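S.K.: here is a sequence together with a model predicted from it:
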Amino acid sequence: MTVRAVSDSYPTRVSDRPMWIERSHPTAWPGVASGPASGAEVACYDRDGYLQIPGLLESEEVARYWDELGRLTTDPEIKADERTVVESSSDEVRSIFEVHKVSDVIAELARDPRVLGRVRQLLGSDVYIHQSRINYMPGFTGNGFYWHSDFETWHAEDGLPAPRTVSLSIALTDNYPFNGGLMVMPGSQHTFVSCTGATPANHYKESLQEQEVGTPDRDTLRALAHRCGIDQFTGPAGSALLFDCNMMHGSGNNITPFPRSNIFIVFNSVDNIPGAPFAAPTPRPGWVASRDHTPVRR
Ligand code: 6CS
Ligand code: FE
């Protein structure tokens, strides 16, 4: 077990009892005064922990990314790559990680001012890509993602010190309530839920298919849901969502014929560089938690 020298504001996976820790950091960080998001949108993000961007992509852009997703998910070399995770109940592609390195088309999206401008505003600094993935969530066999906080994992297993990280999810197919649309608990990012359990070695090999360690207990989820309510991210292909790394979120299985495919890019502040994991025997691979902290530039 790696021992960290720095203090841990968000201890997790250290006790047999879940604990609630009030967040000691802002959701919307100061430091970048202007950008594509209005003052009201930044304030809404700070309160709720998420910001919807309807129609971020034009329809011809959606078509271009959908074609790219089709190329990626049918390329046998990519299918055989360790960065491709398949569904536990079928051999269908679940996620392709480090997709910004696998696809120049998607790398360009991360540099797009409509994305980069907003992300720098919300994190108050230059940013780099901590993780990227395509979630394909195929029809009929697409398994969801149980309730979790991404920051709980990125703190415990990737060593991110503070919740100064924002995820962008862009819908490449119509996201409906019935085909696995992402559910979020608005305002839940203000509370860090310290989870029980110890991180197994190479945990990512199972957690990326179905996460258990690092997911909250039902009493915690019941209390958070009653306090915050549950919103759902739905909308036509091209819609986008920016959400705080500590937002409690999850999605149901997709038993409909309609895939719920999204591009997912995680931006971390360059002032929040990870060190050793806070609660894991070894760091995760670079394709899940990037070691390249070069700021994203237009
Ligand atoms: O472990 C991770 O980094 C990934 N797992 C989930 C369920 N969401 C965030 C992230 O993509
Ligand atoms: Fe997640």
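M.R.: Sure, I can see it. Ligands and ions are numbered 1, 2, ... in the order given.
S.K.: can you list the residues of the stretch 101-250 of the chain near ligand 1?
M.R.: Contact residues, the stretch 101-250 of the chain versus ligand 1 (Cβ under 6 Å from any ligand atom): 131, 133, 145, 148, 150, 153, 207, 211. All C-beta atoms are positioned from the backbone trio N, CA, C, and that covers glycine.
S.K.: check contacts around the last one.
M.R.: With contact set as Cβ atoms under 8 Å, 6 or more residues apart in numbering, residue 211 has these partners: 145, 146, 148, 153.
S.K.: go again with 10 Å.
M.R.: 145, 146, 147, 148, 152, 153, 203, 204, 250 (Cβ atoms under 10 Å, 6 or more residues apart in numbering).
S.K.: burial count for the third one?
M.R.: Look at residue 147: counted by other Cβ atoms under 10 Å, it has 22 neighbours.
S.K.: ditto for the second one
M.R.: A count of neighbours around residue 146, defined by other Cβ under 10 Å, yields 14.
S.K.: next, format the residues of the stretch 101-250 of the chain next to ligand 1 as CSV and append secondary structure and distance to residue 242.
M.R.: CSV is the format used below for those (DSSP: H, G, I helix; E, B strand; the rest coil; distance: Cβ to Cβ, whole Å):
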residue, secondary structure, distance to residue 242
131, strand, 15
133, strand, 16
145, strand, 18
148, strand, 18
150, helix, 13
153, helix, 19
207, helix, 23
211, coil, 22
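S.K.: mind listing the helices for the stretch 51-200 of the chain?
M.R.: Ranges of helices in the stretch 51-200 of the chain, per DSSP state H, counting those that start in this stretch, are 59-74, 76-80, 99-102, 104-111, 113-123, 150-156.
S.K.: now for these, which one comes closest to residue 272?
M.R.: helix 113-123 (8.2 Å; Cβ to Cβ).
S.K.: alpha carbons of the closest one, as PDB, please.
M.R.: Extracted C-alpha coordinates of helix 113-123, given in PDB (Å, rounded to 0.1, in the frame of the first residue of the first chain):
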ATOM      1  CA  PRO A 113     -13.800  26.700 -27.700                       C
ATOM      2  CA  ARG A 114     -17.400  25.700 -26.900                       C
ATOM      3  CA  VAL A 115     -16.000  23.000 -24.700                       C
ATOM      4  CA  LEU A 116     -12.600  24.300 -23.500                       C
ATOM      5  CA  GLY A 117     -13.900  27.800 -22.800                       C
ATOM      6  CA  ARG A 118     -16.700  26.500 -20.500                       C
ATOM      7  CA  VAL A 119     -14.500  24.000 -18.700                       C
ATOM      8  CA  ARG A 120     -11.800  26.600 -18.000                       C
ATOM      9  CA  GLN A 121     -14.500  28.900 -16.600                       C
ATOM     10  CA  LEU A 122     -15.800  26.200 -14.200                       C
ATOM     11  CA  LEU A 123     -12.400  25.000 -13.000                       C
END
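S.K.: what is the mean pLDDT for it?
M.R.: Averaged across helix 113-123, pLDDT comes to 98.
S.K.: then stretch 72-83?
M.R.: 94.
S.K.: likewise stretch 200-220?
M.R.: Rounded mean pLDDT across stretch 200-220 is 92.
S.K.: likewise stretch 31-45?
M.R.: 97.
S.K.: ends of that stretch, how far apart?
M.R.: 16 Å (Cα to Cα, to the nearest Å).
S.K.: if I look at residue 171, how far off is residue 148?
M.R.: 20 Å (Cβ to Cβ, to the nearest Å).
S.K.: neighbour count winner among these two?
M.R.: Using other Cβ under 10 Å, the more surrounded residue of residue 171 and residue 148 is residue 171, with 24 against 21.
S.K.: report pLDDT for the more buried one.
M.R.: As predicted, residue 171 sits at a pLDDT of 97.
S.K.: contact partners for the nearest residue to residue 257 once chain neighbours are set aside?
M.R.: Leaving out its chain neighbours, the residue that sits closest to residue 257 by Cβ to Cβ, 6 or more residues apart in numbering is residue 139, at 4.4 Å. Residue 139 makes contact with 92, 173, 179, 180, 254, 255, 256, 257, 258, 259, 260 under the criterion Cβ under 10 Å, 6+ apart.
S.K.: now with 6 Å?
M.R.: Neighbour list for residue 139: 257, 258, 259 [criterion: Cβ atoms under 6 Å, 6 or more residues apart in numbering].
S.K.: the second one - nearest residue in space that isn't next to it in sequence?
M.R.: This means residue 258. Closest to residue 258 by Cβ to Cβ, 6+ apart is residue 179, at 4.6 Å.
S.K.: that neighbour: neighbour count?
M.R.: Neighbour tally, residue 179, other Cβ under 10 Å: 23.
S.K.: done for today, thanks.
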